[in-house]
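Colleague: I'd like to go over a predicted model; first the sequence, then the structure.
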Amino acid sequence: MAEHTFGGNWNTHKVTFDTHKPNGVLFSIDQKTLFVADAPFEPFEPRQLLAYPVNSDGTLSDHQVLHDFGRGRGIDGMTLTSSGIIIATAGSSSAGPGPMIYEFEPSGRVIQTHKTPVDSPTNCTYGGTSLNRCL
């Protein structure tokens, strides 16, 4: 699998060649980094949050692993705050530290985690009148 971008004529262009199963994609606030939640099909493959620098011609440089979730359940959905913080849902009661919402700096450092009352949280976005409530 690979991420694709849309050209001006709505044709898609393949931009990654080393991802397995993208389960979330985001651009940084400045549009200079593409974040990819990679969730391979094989259970023994690590689930990772990747960052690809975006070149001026729209191609990507080699990725950096920002966070490795190991063999547990990785990111199932992510969104970006207005300040560039990555909010991601990940985990399950049967893998890793459990179901959580993660807050990552763009560098990949975990700012904090929030346990969820349900198993296997998926997808998140911001809503409310000021777009300040994580849904």
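Modeller: Sure thing, it's come through.

Colleague: please pull out the lowest mean pLDDT helix or strand from this protein.
Modeller: strand 4-6 (a mean of 55; mean pLDDT, DSSP states H and E).

Colleague: what about residue 78, how many residues close to it?
Modeller: Residue 78 has 24 neighbouring residues, counting by other C-beta atoms under 10 Å. All C-beta spots, glycine's among them, are computed from the backbone N, C-alpha and C.

Colleague: partner strands of the helix or strand hosting it, parallel or antiparallel?
Modeller: Assessed by DSSP states H and E, residue 78 sits inside strand 75-80. Using DSSP bridges, strand 75-80 pairs in its sheet with strand 86-92 (antiparallel).

Colleague: got the contact list for residue 126?
Modeller: For residue 126, the contact set (C-beta atoms under 8 Å, 6 or more residues apart in numbering) comprises 79, 81, 132, 133, 134, 135.

Colleague: from residue 116, how far off is the fifth one?
Modeller: Computed with C-beta to C-beta, to the nearest Å, the distance linking residue 134 and residue 116 is 11 Å.
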